[in-house]
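In: sequence-free structure coming up:
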């Protein structure tokens, strides 16, 4: 029964992926292509955050730190050197190394703390990087930021759309395999009961650090794609708003469900786009953030476990009812 459900789910995912690949060839809207590209980028970022929050039970307020490192790494490389593919790939490698080292060090220093103490300390580390980006003007140009050129392959919107889509799919498949591996099962056990997991002989801090490193590297990669999409980077990539976006996407889509992070990213990006467009229709929509907050409240009210989590819960309850009815019928017969 479970294998049939998995097969159906994989078929649905495959159909959706094919439709997204065909979308730019069926719809010539440039704005929609750019919007979908942003959804793919933030879906990667949200999935990286969901690995911490949904699968390990770690609440971080400093996830934008890794996003910003990736954005600045590629921007600085493309500005200082020739905007060629080898230099871009070198920037990706440098980002992976820096985010891995920073997430390892930050995890080592903070993951021994519990709940809000850890969350506030990660926010402090992210603030340090924000201040560094603001003050090191010779390299980052401070709050003004800077523009940069990109390799030829990224200048065509269709090519970049497909690159971001493939990147999202690869990250999804990787994290799906990662979370279903023995290591991923230990992370979920830590989320459910950290003390019991530790009593079974697992080094909880090491597993948390592994999750932190993987999450940080993927967030850095999302930052690379984000800055390349804009061909511009400034200190806004280090702000708390970026982390809150990832948190909202994860909660709305469903905590602990990778597909939920993608759905959450799509809902937030499309809601933001539509509400800002409505501001041209009537002045009341200029305060779009209020309507955005209302949408968020409604989603949380009607989908307390997120969209995917609530749907799964309804399915489980219906299955239990069917099972109970069949058992009662057998007992009566």
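Out: That came through fine. Everything numeric in this text was worked out from a predicted model, so none of it was measured.
In: use CA for all of it now, contacts and neighbours both
Out: Noted.
In: now the residue nearest the centre of the chain. Nearest residue, chain neighbours left out?
Out: With distances taken as CA atoms, centre = their mean, residue 46 lies nearest the centre of the chain, 1.4 Å away. Of all residues not flanking residue 46 in the chain, residue 246 sits nearest, at 4.8 Å (CA to CA, 6 or more residues apart in numbering).
In: now residue 121
Out: Nearest residue to residue 121, sequence neighbours excluded (CA to CA, 6+ apart): residue 110, at 6.8 Å.
In: what's the neighbour count on that neighbour?
Out: When counting by other CA atoms under 10 Å, one arrives at 18 neighbours for residue 110.
In: you'd agree it is up against residue 118?
Out: Yes: counting by CA atoms under 8 Å, residue 110 touches residue 118, with 5.7 Å between them.
In: circling back: what's near enough to touch the residue nearest to residue 121?
Out: Listed by CA atoms under 8 Å, 6 or more residues apart in numbering, the contact set of residue 110 reads 118, 121, 122.
In: would you map the helices across the stretch 101-250 of the chain?
Out: Using DSSP state H, counting those that start in this stretch, the helices of the stretch 101-250 of the chain run over residues 115-135, 137-140, 152-155, 157-179, 182-192, 194-199, 204-230, 240-253.
In: residue 62 is nearest to which of those helices?
Out: helix 115-135 (4.4 Å; CA to CA).
In: make TSV out of the contacts of residue 110 and add neighbour count.
Out: Output for those, formatted as TSV (neighbours: other CA atoms under 10 Å):
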residue	neighbour count
118	21
121	19
122	24
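In: flag every buried residue along whichever strand or helix holds residue 76.
Out: Using DSSP states H and E, residue 76 maps to helix 64-80. By 16 or more other CA atoms under 10 Å, the buried positions in helix 64-80 come out as 64-78.
In: what is it packed up against?
Out: helix 85-110, helix 115-135, helix 137-140, helix 204-230, strand 232-233, helix 240-253 (3 or more CA pairs under 8 Å, 6 or more residues apart in numbering; DSSP states H and E).
In: does anything pack onto the last one? Which helices or strands?
Out: Counting by 3+ CA pairs under 8 Å, 6+ apart, the packing neighbours recorded for helix 240-253 are helix 30-53, helix 64-80, helix 258-278, helix 288-302, helix 306-332.
In: no more questions from me, cheers.
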